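K.L.:
Sequence first, predicted coordinates after that:
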There are 2 protein chains.
Amino acid sequence: MMDVFVSKNNKQERQSTNLNCKNCSLYRICLPKEAKECELYALSKIIKRQQSLKRNSYLFREGDPFSAIYAIKSGCVKTYRLTANGKEQVCGFYLPGELIGLDAIESGIYSCSAKILQTSSACAIPYTEFEKLSKNMPGLQQQLLRLMSREIAAQQWLVTLLGKQSADERVASILCNLSERFEIRGYSPNELNLGMSRNDLGNYLGLAIETISRVLGRFHQAGLLTANGKNIQLHQLDQLRELAGQF
Amino acid sequence: MMDVFVSKNNKQERQSTNLNCKNCSLYRICLPKEAKECELYALSKIIKRQQSLKRNSYLFREGDPFSAIYAIKSGCVKTYRLTANGKEQVCGFYLPGELIGLDAIESGIYSCSAKILQTSSACAIPYTEFEKLSKNMPGLQQQLLRLMSREIAAQQWLVTLLGKQSADERVASILCNLSERFEIRGYSPNELNLGMSRNDLGNYLGLAIETISRVLGRFHQAGLLTANGKNIQLHQLDQLRELAGQF
DNA sequence: CGGGGGGTTGATGAGTGTCAATACCTGTGG
DNA sequence: CCACAGGTATTGACACTCATCAACCCCCCG
């Protein structure tokens, strides 16, 4: 069973350390609009690549001073915050081509921790260098604005989910959401190989893991999907979307 | 009872239509870091001021094409999204000096509606003009980045609240949050004159209005506050903060 | 004076969380 | 290779928080 989170061009990555963003398979996802050749080249110059990040290690932790924005190249990463009484709230799951650390630009301190869920690789973009660079390249900064805007919209989606949806709707929603994001990355939208545990999933959705199990069980009985462990096959994506209440 | 949401320099606003951002009483809140004189002047040139926006009118609606970012000058505005079955989820309350519409930059479509809760005024910043302007003024764009970063952090806060906190904690949290934001704007942190109804408040916190009432009642009995209608006096702010679980 | 929106209070029940027992999977070390 | 341990997932019984429904009050405004 192929692991969908593993980037297709792992070998290529390992061979060349001075990879250019332009050649990156995630180019279209990472940079939403066309960027100029020179901008890409300059960006590639300041980026630091981090290969084979280990499961359970951290890109950064809540409270760390802000240094860089991270772009996921392969694998899966979660971000989470701690509440006063020590509980954690997962704020997002990040797939290849997505950016982490955008919340820290203003305060100068990461407001959440970023933990690797499975062997991953990432590009670190040191912010001070990026800032210097973008002084002469306003197009570069506009790309960042777009990505931040996307992140805000994503968080709003989560807020709506947490505030207004039932357990069934939440699970259906996240499945549809992941399915879409997988499809954009060239994988089948009908077969998800989750990078996250039930625990993380439940935490993210504001539900107990037992509830996740039960909902998946019900969906299974209704013939909507087949779930064993982290592998989930979606049989009736359209019906799931209807359940999720977002078509 | 003074209404804290009414800007202090209303008269001044009405008299002069070519107000400069530099003279705005919200300068320090709206623009988190120092900005150059010329940048402020250029910004002031493209901004369109909207005086005396009426209660229940809209700055924009979900699905509208993106045209401008709005900075609140006085009053109070809520943003909300509709779920598939027609329920609304309030995504935020915005006070003077805060920006709305940042979620629309990437998609080009507002992802939520912005509704005026009480007579307000705002500055509209047309985005295409802003984009042109910032090509030559990277500092300006960096300001925007900071504000977007702030917005992401704010949404993460809300996610944590919705995902992990009890009814009591949620109410305590929002009271502390508003108290802080009032204080920054020069008002007493102990006397809140809410711009929003219990309905909006409950919706925002993911609670029924009855629950809000009951929690406030309990807090009242515990001597933490006195609430009548939209006026809430906080007597034990520190204890509230402890309840909220964020000190 | 009547009407309507907004807020409070009480009774009841649904939807989930919690707890506990069990089964399953995965990696480790003998 | 197997045995074991620790984490991970499933299933059932029960408790509890909070939503829902309903009645009522209050205040503002026509």
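P.N.:
On my side now, so go ahead.

K.L.:
rest of the way, CA atoms for contacts and neighbours
P.N.:
Will do.

K.L.:
what's the closest non-adjacent residue to the spatially most central residue of chain A?
P.N.:
Nearest to the geometric centre of chain A sits A:Tyr94, at 1.1 Å (CA atoms, centre = their mean). Spatial nearest neighbour of A:Tyr94, chain neighbours left out: A:Val77 (5.2 Å); criterion: CA to CA, 6 or more residues apart in numbering or on different chains.

K.L.:
Does that neighbour touch A:Gly97 like I think?
P.N.:
No. Judged on CA atoms under 8 Å, A:Val77 makes no contact with A:Gly97 at a distance of 11.5 Å.

K.L.:
related to what we said a few turns ago, check which strands are paired with the host helix or strand of the residue nearest to A:Tyr94 and give the direction for each one.
P.N.:
Under the criterion of DSSP states H and E, A:Val77 resides in strand A:68-82. Strand A:68-82 sits in its sheet next to strand A:88-94 (antiparallel), strand A:99-100 (antiparallel), strand A:113-126 (antiparallel), going by DSSP bridges.

K.L.:
ok, that strand near DNA strand D or not?
P.N.:
No. Strand A:68-82 does not reach DNA strand D (CA under 7 Å from any atom of the strand); its nearest approach is 13.6 Å.

K.L.:
average pLDDT across that strand?
P.N.:
In this model, strand A:68-82 carries a mean pLDDT of 91.

K.L.:
Pull up the gap between the residue nearest to the centre of chain A and A:Ser74, please.
P.N.:
A:Tyr94 sits 10 Å away from A:Ser74, going by CA to CA, to the nearest Å.

K.L.:
What residues does chain A have near DNA strand C?
P.N.:
Going by CA under 7 Å from any atom of the strand, the residues of chain A near DNA strand C are A:165-168, A:206-211, A:229.

K.L.:
what about 6 Å?
P.N.:
Counting by CA under 6 Å from any atom of the strand, the residues of chain A close to DNA strand C are A:166-167, A:206-208, A:210-211.

K.L.:
Intersect those residues with the contacts of DNA strand D.
P.N.:
Restricting the residues of chain A next to DNA strand C to those touching DNA strand D (CA under 6 Å from any atom of the strand) yields A:Glu210.

K.L.:
I'd like to know which of the residues of chain A next to DNA strand C is nearest to A:Leu26.
P.N.:
Looking at those and their distance to A:Leu26, the nearest is A:Gly206, at 30.6 Å (CA to CA).

K.L.:
Packing partners of the longest helix along chain A?
P.N.:
Ranked by number of residues, the top helix in chain A under DSSP state H is helix A:138-164. Judged by 3 or more CA pairs under 8 Å, 6 or more residues apart in numbering or on different chains; DSSP states H and E, helix A:138-164 is in contact with helix A:167-184, strand B:88-94, helix B:127-135, helix B:138-164, helix B:198-205.

K.L.:
what's the angle from that helix to strand A:88-94?
P.N.:
130 degrees (axes from the mean of the first three to the mean of the last three CA atoms, to 10 degrees).

K.L.:
quick check: mean pLDDT across helix A:138-164?
P.N.:
90.

K.L.:
Same check on stretch A:117-132?
P.N.:
For stretch A:117-132, the mean confidence score works out to 90.

K.L.:
Near DNA strand D, which residues of chain A? Just list them.
P.N.:
A:197-199, A:209-210, A:213-214, A:217, A:228-229.

K.L.:
10 Å - rerun?
P.N.:
Within chain A, the residues that sit near DNA strand D (CA under 10 Å from any atom of the strand) are A:56, A:117, A:163-164, A:194-202, A:208-218, A:220-221, A:226-232.

K.L.:
shaky segments in chain A?
P.N.:
A:1-19, A:32, A:246-247 (pLDDT under 70).

K.L.:
Could you rerun that using 50?
P.N.:
A:1-17, A:247 (pLDDT under 50).

K.L.:
hmm, back to that, now the longest helix of chain A against helix B:127-135, angle please.
P.N.:
Going by the same axes, to 10 degrees, helix A:138-164 makes 130 degrees with helix B:127-135.

K.L.:
and helix A:138-164, how far from the chain's centre?
P.N.:
Relative to its chain's centre, helix A:138-164 lies at 12 Å (CA atoms, centre = their mean, to the nearest Å).

K.L.:
Just the buried positions in that helix, please.
P.N.:
If you call a residue buried by 16 or more other CA atoms under 10 Å in any protein chain shown, then helix A:138-164 has these buried ones: A:138-153, A:155-164.

K.L.:
With stretch A:73-85 instead?
P.N.:
Result for stretch A:73-85 [16+ other CA under 10 Å]: buried residues A:73-83.

K.L.:
Quick one: neighbours of A:Asn23, just the number.
P.N.:
When neighbours are counted by other CA atoms under 10 Å in any protein chain shown, A:Asn23 registers 9.

K.L.:
State the number of residues packed around A:Lys132.
P.N.:
If we define neighbours as other CA under 10 Å, then A:Lys132 has 11 of them.

K.L.:
Could you measure from it over to A:Tyr110?
P.N.:
Where A:Tyr110 is concerned, A:Lys132 sits at a distance of 21 Å (CA to CA).

K.L.:
Surely A:Gln50 and A:Ala122 touch.
P.N.:
Yes. If you go by CA under 8 Å, A:Gln50 and A:Ala122 touch, sitting 5.2 Å apart.

K.L.:
Spit out the contact partners of the closest residue to A:Ile212 other than its chain neighbours.
P.N.:
What sits nearest to A:Ile212 in space, not counting adjacent residues and going by CA to CA, 6+ apart, is A:Gly202, at 6.3 Å. Contact analysis of A:Gly202 by CA atoms under 8 Å, 6 or more residues apart in numbering or on different chains lists A:208-209, A:211-212.

K.L.:
Likewise for A:Gly101?
P.N.:
Here A:Gly101 is in contact with A:68-70, A:110 (CA under 8 Å, 6+ apart).
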